[in-house]
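Novice: Next come a sequence and a model predicted from it.
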Amino acid sequence: MLTIEREIDSQPEVWRRAAELAIAEREAMPPAGERIALVGCGTSFFASQAIAVLRESRGLGESDAFAASEFPLTREYDRVVAISRSGTTTEVVRVLAALEGRPTLAISAVPASPVVEAAGAAVVLPFADEEAVVQTRFATAVLALWQTWLGLSDQVEEAARAVEGAVGSTPPVDPTTFEHFVFLGSGPSVGLANEAALKMQESAGAWSESYPAMEYRHGPVSAADASTLVWPLGAVDRGVLQAAAATGATVVDAHPDPMVALVAIQRAAVMVALARGRDPNFPEYLTRSVVLNSDEQGFSTARRSSR
């Protein structure tokens with residue numbers, strides 16, 4: 001079994017540990033009513049998107065999400081939360097340095113790291129760290145952490161059980177027979193749809209896209225055909241899926257929990273990678289973290305990575 005496959009399969013237990021950590025670290029987590037911003041890069045940015053929508057939708061405070069390189073430093077927040085698996089991503093370190101003296105929280109898998117050291121407080125999940133470059137369980141562990149903190153611990157346990165029950169089962173479709181992958185979400189699952197598309201890009205080098213579900217009919221659906229696999233994460237308007245099917249695309253009957261669906265997509269990405277002769281653990285051109293040279297001003301010259 002590949003390292004990334006073991007890490008994917010370990011997620012239910014990792015989620016349970018993250019849920020326990022959310023209770024143990026409750027003093028560090030942003031309380032209800034705070035206006036917060038979450039920042040990250042790549043996978044961590046997409047997790048931030050999901051968390052921000054989930055927190056605000058539960059009436060717990062205005063919550064925004066930004067790619068770290070695009071964070072508006074002049075905007076006032078009660079707290080800025082920086083997410084980075086490695087704790088070394090340059091753009092995230094730069095944001096925290098610029099916010100020195102303001103309330104910040106780092107969430108990372110590595111305790112002694114620049115991101116953790118630059119933040120005013122930290123929540124560390126070393127049990128969710130990964131050997132594979134392509135990130136899977138750290139991002140979902142961070143989601144489980146926040147779901148528990150936001151009062152959704154039962155949902156975390158239900159998702160864990162669903163994933164455990166699916167280990168070793170066949171996927172809803174054979175993803176290796178498709179050339180084009182589209183992932184759709186709504187609300188918190190828009191961020192997870194973005195992450196799903198990134199997993200298919202990183203692991204398999206595949207043509208993949210993601211959209212808020214209702215936006216898919218506003219142009220992108222015209223690129224779908226019989227080689228397209230459309231995969232919803234969570235509840236998606238039936239009319240959108242019917243429009244996709246009308247193009248000849250195959251629409252996946254996915255699990256209703258977006259995080260459970262994301263795990264299935266992680267597994268599918270590995271399958272497609274192997275079918276294409278790619279290494280899903282360490283894809284070409286990717287590194288564990290983007291660490292820029294001192295003369296680099298942004299991320300445009302850096303290699304892409306699953307942060």
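Specialist: Sure, I can see it.

Novice: alpha carbons only for contacts and neighbour counts from here, please
Specialist: Fine.

Novice: Low-confidence bits of the stretch 51-200 of the chain, can you list those?
Specialist: The model of the stretch 51-200 of the chain has no residue with pLDDT under 70.

Novice: where exactly do the helices run in it?
Specialist: Ranges of helices in the stretch 51-200 of the chain, per DSSP state H, counting those that start in this stretch, are 90-98, 114-118, 137-149, 153-166, 189-204.

Novice: Need the winner for burial among these.
Specialist: Neighbour counts (mean count of other C-alpha atoms under 10 Å) averaged over each of the helices of the stretch 51-200 of the chain peak at helix 189-204, with a mean of 27.

Novice: quick one: that helix to chain centroid distance?
Specialist: Taking C-alpha atoms, centre = their mean, to the nearest Å, one finds helix 189-204 lying 7 Å from the centre of the chain it belongs to.

Novice: likewise stretch 201-219?
Specialist: So, by C-alpha atoms, centre = their mean, the centroid of stretch 201-219 is 14 Å from its chain's centroid.

Novice: next one: stretch 100-110
Specialist: Offset of stretch 100-110 from its chain centre (C-alpha atoms, centre = their mean): 19 Å.

Novice: What residues of it count as buried?
Specialist: Buried residues in stretch 100-110, counted by 16 or more other C-alpha atoms under 10 Å: 103-110.

Novice: Spell out which residues sit in contact with the residue positioned nearest the centre of the chain, please.
Specialist: Central residue of the chain (C-alpha atoms, centre = their mean): Ala47, 3.9 Å from the mean position. Ala47 makes contact with 139-140, 142-143, 191-192, 195 under the criterion C-alpha atoms under 8 Å, 6 or more residues apart in numbering.

Novice: What of Thr177?
Specialist: Applying C-alpha under 8 Å, 6+ apart to Thr177 gives the contacts Ser227.

Novice: Tell me which helix or strand the residue lying closest to Ala144 once chain neighbours are set aside sits in.
Specialist: Distance criterion C-alpha to C-alpha, 6 or more residues apart in numbering; nearest residue to Ala144, sequence neighbours excluded, is Trp15 at 5.5 Å. Using DSSP states H and E, Trp15 sits in helix 11-24.

Novice: Show me what that helix is packed against.
Specialist: Judged by 3 or more C-alpha pairs under 8 Å, 6 or more residues apart in numbering; DSSP states H and E, helix 11-24 is in contact with helix 137-149, helix 153-166.

Novice: mind putting these in CSV, distance to Gln11 included?
Specialist: Shown next, in CSV, are the helices and strands packed on helix 11-24 (distance: least, C-alpha to C-alpha, whole Å):
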stretch, distance to Gln11
helix 137-149, 6
helix 153-166, 7
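
Novice: what's the closest of those helices to Ala246?
Specialist: Ala246 lies closest, by C-alpha to C-alpha, to one member of these: helix 153-166, at 29.6 Å.

Novice: Pick the one among the contacts of Ala47 closest to Ser169.
Specialist: Thr140 (20.4 Å).

Novice: May I ask you to confirm that the closest one is in contact with Ala261?
Specialist: No: between Thr140 and Ala261 there is no contact under C-alpha atoms under 8 Å: 11.5 Å.

Novice: the strands in the stretch 201-307 of the chain, which residues?
Specialist: Taking DSSP state E, counting those that start in this stretch as the test, the strands found in the stretch 201-307 of the chain are 207-212, 228-232, 250-251.

Novice: Which one of the ones you listed lies nearest to Leu286?
Specialist: Per C-alpha to C-alpha, nearest to Leu286 of these: strand 207-212, 16.9 Å.

Novice: partners of the closest one in the sheet?
Specialist: Strand 207-212 sits in its sheet next to strand 180-185 (parallel), going by DSSP bridges.

Novice: what's the angle from the partner strand to strand 228-232?
Specialist: Counting by axes from the mean of the first three to the mean of the last three C-alpha atoms, to 10 degrees, strand 180-185 lies at 20 degrees to strand 228-232.

Novice: Can you check what angle separates strand 180-185 from helix 189-204?
Specialist: Our comparison of strand 180-185 with helix 189-204, counting by the same axes, to 10 degrees, yields an angle of 150 degrees.

Novice: distance between the longest helix seen in the chain and the chain's centre?
Specialist: When every helix of the chain is counted residue by residue (DSSP state H), the longest turns out to be helix 258-275. From the chain centre to the centre of helix 258-275 is a distance of 13 Å (C-alpha atoms, centre = their mean).

Novice: which of the residues in it are buried?
Specialist: 258-273.

Novice: just stretch 17-28 next, same as before
Specialist: Under the neighbour-count criterion of 16+ other C-alpha under 10 Å, stretch 17-28 has 17-22 buried.

Novice: any chance of those in JSON lines, with pLDDT and distance to Tyr211 too?
Specialist: JSON lines is the format used below for those (pLDDT from 0 to 100; distance: C-alpha to C-alpha, whole Å):
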{"residue": "Arg17", "pLDDT": "98", "distance to Tyr211": "31"}
{"residue": "Ala18", "pLDDT": "98", "distance to Tyr211": "28"}
{"residue": "Ala19", "pLDDT": "98", "distance to Tyr211": "29"}
{"residue": "Glu20", "pLDDT": "98", "distance to Tyr211": "33"}
{"residue": "Leu21", "pLDDT": "98", "distance to Tyr211": "32"}
{"residue": "Ala22", "pLDDT": "97", "distance to Tyr211": "30"}
